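Engineer: just a sequence and a predicted model for now, questions to come.
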Amino acid sequence: MTGKIRVLFVCTANAARSQLAEALLRHTDPVRFEAFSAGTQPGEVDPRTYAALEHLGIDASGLRSKSMDEFVDGHFDYVITLCDKAALECQFLPEFGERLMWHFEDPVTSDKHDAFRHTLHEIHERIKMFVLVKTKH
């Protein structure tokens, strides 16, 4: 054990939101947190996910789409779902850790201008607050 707070971010395809969250938490507080992401029905990481992270200078290396199955034996302090569909599907999974349900619009299917950057910003704000609350002494 590393002594770090382990967080698993989950969305359906593990293509955008959970990847953004994983990279953002690693960037925000790599000393106290260990971040992972997975999908309930993983696909491929959307290239716009990498572009949004690179635009902010956040390291996107090592990101890949992963199934929840990879983490079935893992322990996490927090499992954070990033969409309603994943939150519903995760109700039937074994208890990994404390569950938090966040909901962000999927930038992959959004028709908003700069949807990926907008989602990245929203997730970043939530993660900064999460880190602040969870590391207060």
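Structural biologist: Sure thing, it's come through. The structure presented is a predicted model; accordingly, all values stated were derived computationally and were not measured.

Engineer: give me the element residue 31 is part of.
Structural biologist: Secondary structure here is read from DSSP states H and E; on that basis residue 31 sits in neither a helix nor a strand.

Engineer: apologies, that question was intended for residue 88.
Structural biologist: Mapping residue 88 onto the secondary structure by DSSP H and E places it in helix 84-90.

Engineer: I'd like the next helix or strand past that helix.
Structural biologist: Stepping forward along the backbone from helix 84-90, the first helix or strand reached (DSSP H and E) is strand 98-101.

Engineer: can you list the buried residues in the very next helix or strand once past that following strand?
Structural biologist: Note on strand 98-101: by DSSP H and E, the next helix or strand toward the C-terminus is helix 115-134. In terms of neighbour count (16 or more other CB atoms under 10 Å), helix 115-134 has its buried residues at 115-120, 122-124, 126-127, 130-131. For every residue, glycine as well, the C-beta is placed using N, CA and C.
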